[in-house]
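A.B. asks: got a predicted model here, sequence first, then my questions.
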Amino acid sequence: MAIQKTVSREDWLAARLALLEQEKALTRQRDAVSRARRELPRVRVDKDYVFQGEKGDETLSDLFAGRSQLIIYHFMFGPNWEAGCKSCSLIAEGFDGPDIHLAQRDVTFLAASRGPLPKLLSFRDRMGWKFKWVSSLDSNFNRDFQVSFTEDEIGGEVYYNYAKGKFPMTEAPGLSVFYKDPDGSIYHTYSCFARGLDALIGTYQYLDLVPKGRDEEYLPFTMEWVRHHDRYGD
């Protein structure tokens, strides 16, 4: 990290006010991007996806739970994995709090993975989470939304984050949003991947406030330091 200059309180305040102007500009730009996101066109979902939930099979329509808006986080947990992705787990630390508030705004939130449901629920219990988690193992849902690949595909290029490129694993992170019309028609309205998920990582939002920041430049890869929260040392 760069060594911060030590100044008087007056000089610090002047620098802070200058930064405040940048922060306000960023807030206005974020508001503009959010408006543009809401104005995106939509695509009708015609496939009848079926998921495995704690109460049995559920269709994509069922997952809305009586609301018109649905957010699904694509949690990296492959069929043969024994635990969920560490980075997705870091994001999931913030899932339990918002869901009851989202429900008051006509939004249902849950996670979906290709792992078998018993594995998902066992890992959720281990981590102490409560959010709804369903298995998409027996459907093409993950494939259709570009977050699962075959072993053969990851040897070459895959389509992820709206571009062709290399990806090192069979599962990828993402988030997809759906809307249900009063007549029951379902539409895909938005998906984001990779750094598009940054805002969901509460830990990063705090780290961005401190002098060392994310402090990842010296690591072999971003988030290499992350562990499941019950696997950190003292």
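C.D. replies: Now that the structure is in, tell me what you want to look at.
A.B. asks: count the residues that sit near the spatially closest residue to residue 186 that is not a sequence neighbour.
C.D. replies: Nearest residue to residue 186 in three dimensions, chain neighbours excluded: residue 45, at 4.5 Å (Cβ to Cβ, 6 or more residues apart in numbering). Every C-beta, even on glycine, is put in place using the N, C-alpha and C of the backbone. Counted with other Cβ atoms under 10 Å, residues neighbouring residue 45 total 17.
A.B. asks: identify the residues contacting residue 45.
C.D. replies: Residues counted as contacts of residue 45 (Cβ atoms under 8 Å, 6 or more residues apart in numbering) are 60, 178, 186, 187, 188.
A.B. asks: phi and psi next, for it.
C.D. replies: phi -100, psi 110 (degrees, to the nearest 10).
A.B. asks: that one and residue 108, how far apart?
C.D. replies: 15 Å (Cβ to Cβ, to the nearest Å).
A.B. asks: do the same with residue 120
C.D. replies: 18 Å.
A.B. asks: these two: which has the busier surroundings?
C.D. replies: residue 120 (24 against 20).
A.B. asks: quick one: list the elements packing against the host helix or strand of that one.
C.D. replies: Assigned by DSSP states H and E, residue 120 belongs to helix 117-127. Helix 117-127 sits against strand 133-135, with contacts defined as 3 or more Cβ pairs under 8 Å, 6 or more residues apart in numbering; DSSP states H and E.
A.B. asks: only the buried residues of the helix or strand just after the strand it packs on, if you could.
C.D. replies: Later in the chain than strand 133-135, the nearest helix or strand by DSSP H and E is helix 141-144. Judged by neighbour count using 16 or more other Cβ atoms under 10 Å, the buried positions of helix 141-144 are 141, 142.
A.B. asks: quick one: residue 105 from residue 69, how far?
C.D. replies: 8 Å.
A.B. asks: between the two, which one's more packed in?
C.D. replies: residue 69 (16 against 8).
A.B. asks: and that one, what is it in contact with?
C.D. replies: 106, 107, 108, 177, 178, 179, 180.
A.B. asks: go with 6 Å
C.D. replies: Residue 69 is in contact with 106, 107, 179, counting by Cβ atoms under 6 Å, 6 or more residues apart in numbering.
A.B. asks: from those, pick the one nearest residue 140.
C.D. replies: Closest approach between the contacts of residue 69 and residue 140, by Cβ to Cβ: residue 179, at 20.7 Å.
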